[in-house]
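Participant: this is a predicted model, with the sequence first.
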2 protein chains.
Amino acid sequence: MNKKRITLKEIATELGVSISTVSKSLNNSPEIGEETKKKVVAFAKAHQYRTNTIALSLKNRKTKTIGVIIPEIVHYFFSNVINGIENYASQQGYNVIIAVSNESFEKEVLQMEAMANGFIDGIIISLAKETLKKQDYYHLQETMAMGIPVILFDRVTSNLSCDKVVVDDKSGAEAATTFLINKGRKKILLLSTQDYLNVGNHRTNGYLDALKKNGIFPDNRLIIKCNDQRSSEEEMVVLEKQIEALIDEGVDFDGVFAVNEIYLAAALRVLRAKNIKVPKEVSMICFTDGVISRYTTPRLTTVSQHAEEMGITSAELLIEKLEDESSMDKTITKIIQCSIVEREST
Amino acid sequence: MNKKRITLKEIATELGVSISTVSKSLNNSPEIGEETKKKVVAFAKAHQYRTNTIALSLKNRKTKTIGVIIPEIVHYFFSNVINGIENYASQQGYNVIIAVSNESFEKEVLQMEAMANGFIDGIIISLAKETLKKQDYYHLQETMAMGIPVILFDRVTSNLSCDKVVVDDKSGAEAATTFLINKGRKKILLLSTQDYLNVGNHRTNGYLDALKKNGIFPDNRLIIKCNDQRSSEEEMVVLEKQIEALIDEGVDFDGVFAVNEIYLAAALRVLRAKNIKVPKEVSMICFTDGVISRYTTPRLTTVSQHAEEMGITSAELLIEKLEDESSMDKTITKIIQCSIVEREST
DNA sequence: TATTAACACTAAAACGTTGTAGTAAAATTT
DNA sequence: AAATTTTACTACAACGTTTTAGTGTTAATA
């Protein structure tokens, strides 16, 4: 049954013409006479000729494929970004290869090398936590040196000179905090991450700035920086304990701003257990407009990072670089603005 | 700066030997003298020679790449499956290309054709809702006829003869329903989907069977088949209204079994609004062990479909087919057993 | 009528590999 | 010393395309 794929050569011998004639006919070249063209095209269609992309790639030295490396795929933000990339790319005739670093430096390097070894024209990547901590960007520099364009998104570094797409974390955090302040909240609990993650860092700064601009003196007891290692399950238990302890110690707060959904969901659980009313007594907001926010009770007000837009923008930037030689020199950084999605928790 | 990639030919001229010698040296062939080998290997390393995978693919007629087509990527189950596929595949030296059909028949066909046009050795796919409704599998048959192995997972059809990986939906649903019955519940609300989705269909049957085996007569008012078109946001509003109406009409139930997380989350919201205690008054369970279940209050008891395992199994099946010619004839269907993850809602 | 232009096609190289077959020179055997 | 084997290489085809540079015919021009 295996009807295998037919090649130009086979069509040529079958039809008694040369390979070039077949190729040119199929590409509708004016060099070939109308009759011959028709004959070839008809035969090709009848035998379901499909041009072999690999041979083409070899010849053109481009694969029309872009590689994406993300820290995690089971993740609302990242899967949305991919969605954006995939949509734009496939619409532009590009394939998308996905690789997952699992937040590991080593795996990121491996995946990057595998991709750079052919098969992709350019790379879109969000750095693994480990890479950010290590600050070792040799693999990226190598790839770029080979003439493969790299676009960094979300988890970026200033140590690399390439196109970047970032969320305006700081002003998003500032807006979120200000949003709570405008609702009359003054004692706002911040649930953030360790500082080496620029994301957490920027958001913490935005929070601090908002307080400052509103003349509120920050209270260190109200700033929790979660130690986000691996398993988010365990992490949550620890965080819940911390918040519980805070309440038990009598540290008072009337607002919570978390740098992601799950931190806020954890806080919500604790408040519920302590029978504290949300949003009446405590108003809550967080980054990442994901699934969780839509299904808790009350639903969570969030700061949307427009993940899909980030994906599209990254893909645009990359494809622009791939198709327009002259764009290779300049490096652009696109900043995606956040927006607040108000739900029931504020 | 562009140090481009060095080729065998360049190494050869540089070192004054033939291309074959270089190739063989790098592949550590016994045909080549030790000294020459050393020289070549050293030179190659110094210039960071990387073998061009595309040329290799053309030569070997295999790409070491597998294509995955899923209906949606921003989806806990599917992204987990991909995770499984990616893990196993990359461990076996395979790349993974992802494409999204967005539940559209047309896009599925397009993506499939793009993939089949070279670039992939085999395909793992979960069918789009539209395809299932249309029952048109010509594109899949074509691909298989071309000698490209296809593995179907989760959303499968009996009209195609190929390897399949499915969840034991029926017995999972039966187990879930029985689980509620064993907790003393008799009036169990079922939140399912339209029947053309075999998933919803099987789960409904499992529910029905469980009732039967326990001598409970099914109550049609307690079976809601959601009309799951596009936007899940709107869908939820409708579903919530339906459940609310049910309660207002005085239709009584003490358990809820939903075929997915979000239906159960919606139900939970309604019960909360009506001040009905979970799990005291109503016990709840659902399919899909996703993120939502972990962050609602109470956390939801779920039926895990072991998405990652499905991914791994699919990849195993495919790679087996790719590497072992003789396995091409037989078709296997692997059934992944579900398991119940008990949390706070029961 | 001789030259040129247009037409309809073909040959061959190139993209980067690998593997088969071939070839000198050196080493071994008879 | 001649025949054979071994060693250490090289040439070349092949994978499936596209493209450049031809090559005969026929038609148009001088």
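Facilitator: Perfect, I can see it now.
Participant: show me where the stretch 101-250 of chain A has its strands.
Facilitator: Using DSSP state E, counting those that start in this stretch, the strands of the stretch 101-250 of chain A run over residues A:122-125, A:150-153, A:163-167, A:188-193, A:223-226.
Participant: could you list every helix and strand in contact with the first one?
Facilitator: For strand A:122-125, the elements it packs on are strand A:65-70, helix A:105-116, strand A:150-153, helix A:307-323, judged by 3 or more C-beta pairs under 8 Å, 6 or more residues apart in numbering or on different chains; DSSP states H and E. All C-beta atoms are positioned from the backbone trio N, CA, C, and that covers glycine.
Participant: and of those, who's closest to A:Arg221?
Facilitator: For A:Arg221, the closest of those is helix A:307-323, at 32.8 Å, according to C-beta to C-beta.
Participant: now the closest one: buried residues?
Facilitator: A:307-319, A:321-322 (16 or more other C-beta atoms under 10 Å in any protein chain shown).
Participant: would you point out the helix or strand in chain A whose mean pLDDT is lowest?
Facilitator: With mean pLDDT, DSSP states H and E as the measure, the helix or strand of chain A carrying the lowest mean pLDDT is helix A:232-248 (a mean of 88).
Participant: what angle sits between it and strand A:188-193?
Facilitator: Between helix A:232-248 and strand A:188-193, the angle comes out at 150 degrees (axes from the mean of the first three to the mean of the last three C-alpha atoms, to 10 degrees).
Participant: show me what secondary structure element comes after helix A:232-248.
Facilitator: strand A:255-258 (DSSP states H and E).
Participant: so can I have CSV of the helices and strands packed on strand A:122-125 showing mean pLDDT?
Facilitator: Output for the helices and strands packed on strand A:122-125, formatted as CSV (pLDDT from 0 to 100):
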stretch, mean pLDDT
strand A:65-70, 96
helix A:105-116, 93
strand A:150-153, 98
helix A:307-323, 97
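Participant: a markdown table for the ones you listed, including distance to DNA strand C?
Facilitator: Shown next, in a markdown table, are these (distance: least, C-beta to the nearest atom of the strand, whole Å):
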| stretch | distance to DNA strand C |
| --- | --- |
| strand A:65-70 | 16 |
| helix A:105-116 | 13 |
| strand A:150-153 | 21 |
| helix A:307-323 | 17 |
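Participant: so which bits of the stretch 151-300 of chain A are right by chain B?
Facilitator: Contact residues (C-beta under 8 Å from any C-beta of the partner chain) of the stretch 151-300 of chain A with chain B: A:233, A:261-262, A:265-266, A:268-269, A:272, A:290-292, A:294-297.
Participant: of the residues you listed, just the buried ones, PyMOL syntax please.
Facilitator: Buried subset of these, written as a PyMOL selection, criterion 16+ other C-beta under 10 Å:
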select buried, chain A and resi 261+262+265+266+268+269+290+291+292+294+295+296+297
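Participant: tell me which of the residues of the stretch 151-300 of chain A next to chain B fall in helices.
Facilitator: Filtering these for membership in helices, criterion DSSP state H, returns A:233, A:261-262, A:265-266, A:268-269, A:272, A:291-292, A:294-295.
Participant: which pair of those residues spans the longest distance?
Facilitator: Pairwise over these, using C-beta to C-beta, the maximum falls at A:Glu233 and A:Arg294, 21.1 Å.
Participant: now do the domain split for chain A, please.
Facilitator: A:1-60, A:169-305 (automatic domain parsing).
Participant: for DNA strand C, which of these is the nearest?
Facilitator: domain A:1-60 (2.7 Å; C-beta to the nearest atom of the strand).
Participant: that closest one near DNA strand D at all?
Facilitator: Yes: legend: contact between domain A:1-60 and DNA strand D by C-beta under 7 Å from any atom of the strand is shown at A:5, A:7-9, A:19-20, A:23-24, A:26-27, A:31, A:49-52, A:55-56, A:58-59.
Participant: in stretch A:246-261, what counts as buried?
Facilitator: Here stretch A:246-261 shows A:246-247, A:253-261 as buried, counting by 16+ other C-beta under 10 Å.
Participant: I should have written stretch A:57-75 there, sorry.
Facilitator: For stretch A:57-75, by 16+ other C-beta under 10 Å, it's A:57-58, A:63-75.
Participant: contacting residues around whichever strand or helix holds A:Glu35?
Facilitator: A:Glu35 is part of helix A:34-46, with elements assigned from DSSP H and E. Contact with helix A:34-46 is made by A:6, A:11, A:14-15, A:17, A:21-22, A:25-26, A:28, A:32, A:49, as judged by C-beta atoms under 8 Å, 6 or more residues apart in numbering or on different chains.
Participant: which of the residues you listed come close to DNA strand C?
Facilitator: Filtering those for proximity to DNA strand C (criterion: C-beta under 7 Å from any atom of the strand) leaves A:17, A:21, A:32.
Participant: let's see which of those residues end up in helices.
Facilitator: Using DSSP H, those in helices are A:Thr21.
Participant: identify the residues contacting stretch A:204-214?
Facilitator: With C-beta under 8 Å, 6+ apart as the criterion, stretch A:204-214 contacts A:169-178, A:181, A:188, A:190, A:192, A:195, A:217-218, A:223, A:225, A:257, A:259.
Participant: and the residues you listed, which are buried?
Facilitator: Of the contacts of stretch A:204-214, these count as buried by 16+ other C-beta under 10 Å: A:169-178, A:181, A:188, A:190, A:192, A:225, A:257, A:259.
Participant: now do the buried residues in the least confident helix or strand of chain A.
Facilitator: A:232, A:235-236, A:239-240, A:243, A:246-247.
Participant: name the nearest residue to the residue in the stretch 101-250 of chain A that DNA strand C sits nearest to, sequence neighbours excluded.
Facilitator: For the stretch 101-250 of chain A, the residue closest to DNA strand C is A:Gly118, as judged by C-beta to the nearest atom of the strand, at 8.5 Å. Distance criterion C-beta to C-beta, 6 or more residues apart in numbering or on different chains; nearest residue to A:Gly118, sequence neighbours excluded, is B:Thr53 at 3.5 Å.
Participant: could I get the contacting residues of that neighbour?
Facilitator: B:Thr53 makes contact with A:117-119, B:64 under the criterion C-beta under 8 Å, 6+ apart.
Participant: can you redo those as TSV, where the extra columns are pLDDT?
Facilitator: Shown next, in TSV, are these (pLDDT from 0 to 100):
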residue	pLDDT
A:Asn117	82
A:Gly118	72
A:Phe119	85
B:Lys64	94
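Participant: neighbour-wise, which of these leads?
Facilitator: A:Phe119 (24 neighbours; other C-beta atoms under 10 Å in any protein chain shown).
Participant: can you give me phi and psi for it?
Facilitator: Main-chain dihedrals, A:Phe119, degrees, to the nearest 10: phi 60, psi -20.
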